[in-house]
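Asks: for reference, the sequence and a predicted model appear below.
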Amino acid sequence: MGNTTPKPLIDTSLQHRQVASRQYCTVSNSGVERRTSAPPISIGSPRFHPHAKGKNIRLDAQLRRATRKSSFCNGITFSQRPLRLYEKVRLCLSGVHTGWSGALRFGFTSLDPSELAIGDIPKYACPDLVTRPGYWAKALPERLAMRDNVVAFWADRHGRVFYSINDGEPILFHCGLSVGCPVWAIIDIYGITQEVTLLGTVQASPPTSPSVSQVSTPDDSDSDLAFTVNRSSSASESSLGESQQAHSSAYIHF
């Protein structure tokens, strides 16, 4: 028998299957949206973007765990790749520090974070990012930001963003997301949320003719209104608006 060269081991967790290229949105200095060709979307498990991050963020070698090392802000991160519609971004709140006010902010952007200069990443997702075209984010109610809770969030084809806690009932977070082009996740590790770990994604089931019912949360300093999904009647759209101080606010950009 001839000599054979051993084959190198392959880490299958890093393999990515790609789907066809799509159009994606950019916004000029004048605020006009334009569409250009985007690279194919990988459907492997998402990771944190290695370069587009706040100055207080440290990432582990696998780009799965993000830790805010100091202060309560400068903790903005992004996903390394775009997310598909109904693809749940799943985060374990692996570090919570009760010495601050406010909690995790999250949402989506239609702008490729690879094109952001370090100086373009502000201290806060809300209100700094969401007042720019192409960014949508809001705050998790502080009472839900408990250590080891798993927060999942996703977008549907109607431009609505939902989240759930520990695989519980979906809650409508906000509306108005642009879904005509790829979107990247925004994860702002803010306030009492000090560290998050990305888990594998799963696909959410599109609801059948959902309606939206409103549930007030008067004890929540970050969000005046929460919404839950009721699957019994026809679809409806809701929009939220709120204004608070920058260090503990939750804004929605439409």
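Replies: Great, that's in hand. Quick caveat: nothing in here was measured; it's all calculated off a predicted structure. Numbering: from 1, shown residues only.

Asks: got the buried residues for stretch 116-124?
Replies: For stretch 116-124, burial by neighbour count (16 or more other Cβ atoms under 10 Å) applies to 116, 121, 122, 123, 124. C-betas here are computed from N, CA, C, even on glycine.

Asks: what would these look like in a markdown table with distance to residue 72, pLDDT and secondary structure?
Replies: Converted to a markdown table, the buried residues of stretch 116-124 look like this (distance: Cβ to Cβ, whole Å; pLDDT from 0 to 100; DSSP: H, G, I helix; E, B strand; the rest coil):
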| residue | distance to residue 72 | pLDDT | secondary structure |
| --- | --- | --- | --- |
| 116 | 22 | 93 | coil |
| 121 | 16 | 97 | coil |
| 122 | 14 | 97 | coil |
| 123 | 9 | 97 | coil |
| 124 | 10 | 97 | coil |
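
Asks: let me know the closest of those residues to residue 56.
Replies: Using Cβ to Cβ, residue 123 comes nearest to residue 56 of the buried residues of stretch 116-124, at 9.2 Å.

Asks: for the closest one, which non-adjacent residue is spatially closest?
Replies: In space, and not counting its chain neighbours, residue 123 is closest to residue 73: 4.3 Å by Cβ to Cβ, 6 or more residues apart in numbering.

Asks: next, count neighbours for that neighbour.
Replies: 23 (other Cβ atoms under 10 Å).

Asks: got it, and the one 4 residues further on?
Replies: For residue 77, the neighbour count with other Cβ under 10 Å is 26.

Asks: got the contact list for it?
Replies: Residues near residue 77 by Cβ atoms under 8 Å, 6 or more residues apart in numbering: 48, 49, 52, 53, 54, 57, 59, 66, 186, 187, 188, 189.

Asks: in terms of contact, does the first one touch residue 76 like I think?
Replies: No - with contact defined as Cβ atoms under 8 Å, residue 48 does not reach residue 76; the gap is 10.8 Å.
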